[in-house]
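> sequence first, predicted model second:
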Amino acid sequence: MSAPRIVTTAAELRAATEGARSGGRTVGFVPTMGFLHEGHRALMAAARADCDLVVVSIFVNPLQFGAGEDLAGYPRDLERDLAACAAEGVDLVLHPSVEEMYPRPMVTTVTVAGITERLCGASRPGHFAGVATVVAKLFNIVGPCRAYFGKKDYQQVAVVRAMVEDLAIPVEVVARPTVREDDGLARSSRNTYLDEAARRDAVALSRAIRATTEAVRGGRRDRAELERDLEVALDAAPGVVREYAEVLRGRDLVPTGTIEVGEEYVVAVAARVGAARLIDNATFTVAPGGAVHVDLGVLGDGRAFDGA
């Protein structure tokens with residue numbers, strides 16, 4: 001297990017990735033804000049399996065935090081993160097300062113319309129412009145690559161995919177399943193905010209999502225009714241303060257009348273649980289023959305999570 005090389009400037013990283021590609025090597029990139037958990041490690045492992053050179057960025061991006069959000073208190077542990085990167089065979093870690101990433105006040109931002117207006121975009125104005133801007137900048141630094149994101153933040157993946165397609169950025173976006181604890185809680189850096197009681201309460205999010213996907217498997221097709229039941233389940237959960245609970249068509253994050261055959265849908269929730277704001281989701285697709293494919297994510301060892 002060798003330690004990854006740490007670089008702190010865009011120029012250093014660009015030289016390394018350009019050198020790799022000029023030698024015929026492929027580049028895999030995992031952008032993170034650090035405080036890495038098993039979900040991040042699964043992304044690194046996928047990149048390691050697919051690519052010749054694996055790059056991880058660790059940068060807490062101030063552009064995606066709004067007023068009163070947890071920028072100052074966001075958990076950080078660089079030594080622990082580097083150990084995780086080493087264990088997963090990462091070659092390069094980009095750990096820039098804010099001054100390196102934003103040497104002057106930003107006058108250019110990237111905005112993805114439509115799909116940013118619901119879910120987290122409705123309650124966190126400016127958040128996805130901050131995400132899209134920093135990801136676009138990182139993609140320009142890394143250059144052509146495969147970039148790995150977790151499906152836990154489904155909306156973020158949708159935003160990045162739309163940006164890449166619309167701006168013809170030479171990056172292949174790879175979405176990997178949500179990684180969960182054995183009881184269903186989605187792995188998140190913000191889980192560290194949960195005390196013992198809140199940790200027990202937080203499982204209600206995945207349970208409510210699973211109940212919705214089970215209703216679809218049982219033949220329910222009225223999208224609005226599914227969404228109302230999802231809201232009721234979250235509102236009845238102790239310690240959970242619902243922010244949103246929606247069932248939306250995945251490709252554009254809009255509501256439909258009934259569940260459309262052949263379309264991927266996302267069951268997405270966000271809630272305050274104790275000191276943490278948590279998000280979670282699952283996806284499902286109803287095939288033409290009526291079979292329902294559900295993706296609830298995976299456990300830490302890679303086995304599919306079925307919630308049983």
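In hand now; what should we look at?
> going forward, measure contacts and count neighbours with C-alpha atoms only.
Fine.
> all strands for this structure, in order.
5-7, 27-32, 53-58, 92-94, 145-150, 171-176, 179-180, 240-249, 264-273, 276-286, 292-295, 298-299 (DSSP state E).
> just those: most buried one?
Each of these was given a mean neighbour count from mean count of other C-alpha atoms under 10 Å, and the largest, a mean of 28, is that of strand 179-180.
> give me the neighbour count for residue 107.
5 (other C-alpha atoms under 10 Å).
> closest to residue 202 out of the strands of the chain?
With C-alpha to C-alpha, the closest approach to residue 202 among the strands of the chain belongs to strand 264-273: 6.2 Å.
> any idea of the angle the closest one forms with strand 276-286?
With axes from the mean of the first three to the mean of the last three C-alpha atoms, to 10 degrees defining the directions, strand 264-273 sits at 160 degrees from strand 276-286.
> can you list contacts of strand 264-273?
119-120, 154, 194, 198, 201-202, 205, 209, 212-213, 239-251, 277-286 (C-alpha atoms under 8 Å, 6 or more residues apart in numbering).
> between the strands of the chain, which one is nearest to residue 17?
In this view, the strands of the chain are compared for proximity to residue 17 by C-alpha to C-alpha, and strand 27-32 is the closest at 7.0 Å.
> strand partners of that closest one, parallel vs antiparallel please.
The sheet places strand 27-32 alongside strand 53-58 (parallel), strand 145-150 (parallel), with pairing taken from DSSP bridges.
> looking at those, which is nearest to residue 231?
strand 145-150 (24.4 Å).
> and that closest one, how far out from the chain middle?
Taking C-alpha atoms, centre = their mean, to the nearest Å, the mean C-alpha location of strand 145-150 is offset from the chain mean by 11 Å.
> same question for stretch 156-168.
For stretch 156-168, the distance from its own C-alpha centre to the chain's C-alpha centre is 14 Å (C-alpha atoms, centre = their mean).
> pLDDT of that stretch, averaged?
Computed over stretch 156-168, the mean pLDDT rounds to 97.
> which outside residues touch that stretch?
The set of residues external to stretch 156-168 that reach it, using C-alpha under 8 Å, 6+ apart, is 112, 115-116, 128, 131-132, 135, 149-151, 169-171, 173, 175, 251.
> pull the CA atoms of the longest helix along the chain into PDB?
Longest helix of the chain, by residue count under DSSP state H: helix 196-217. Below are the C-alpha coordinates for helix 196-217, written out as PDB (Å, rounded to 0.1, in the frame of the first residue of the first chain):
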ATOM      1  CA  GLU A 196     -27.100   8.000  19.300                       C
ATOM      2  CA  ALA A 197     -30.800   8.900  19.300                       C
ATOM      3  CA  ALA A 198     -30.600  10.700  16.000                       C
ATOM      4  CA  ARG A 199     -28.700   7.800  14.400                       C
ATOM      5  CA  ARG A 200     -31.600   5.500  15.300                       C
ATOM      6  CA  ASP A 201     -34.200   7.900  13.900                       C
ATOM      7  CA  ALA A 202     -32.300   8.400  10.700                       C
ATOM      8  CA  VAL A 203     -33.100   4.900   9.400                       C
ATOM      9  CA  ALA A 204     -36.600   6.100   8.800                       C
ATOM     10  CA  LEU A 205     -35.500   7.700   5.600                       C
ATOM     11  CA  SER A 206     -34.400   4.500   3.900                       C
ATOM     12  CA  ARG A 207     -37.400   2.600   5.300                       C
ATOM     13  CA  ALA A 208     -39.900   5.100   3.900                       C
ATOM     14  CA  ILE A 209     -38.100   5.000   0.500                       C
ATOM     15  CA  ARG A 210     -38.200   1.200   0.500                       C
ATOM     16  CA  ALA A 211     -41.900   1.200   1.400                       C
ATOM     17  CA  THR A 212     -42.500   3.300  -1.700                       C
ATOM     18  CA  THR A 213     -40.600   1.000  -4.000                       C
ATOM     19  CA  GLU A 214     -42.400  -2.000  -2.500                       C
ATOM     20  CA  ALA A 215     -45.700  -0.300  -3.300                       C
ATOM     21  CA  VAL A 216     -44.600   0.000  -6.900                       C
ATOM     22  CA  ARG A 217     -43.600  -3.600  -7.000                       C
END
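> how about it: buried residues?
198-199, 201-213, 216-217 (16 or more other C-alpha atoms under 10 Å).
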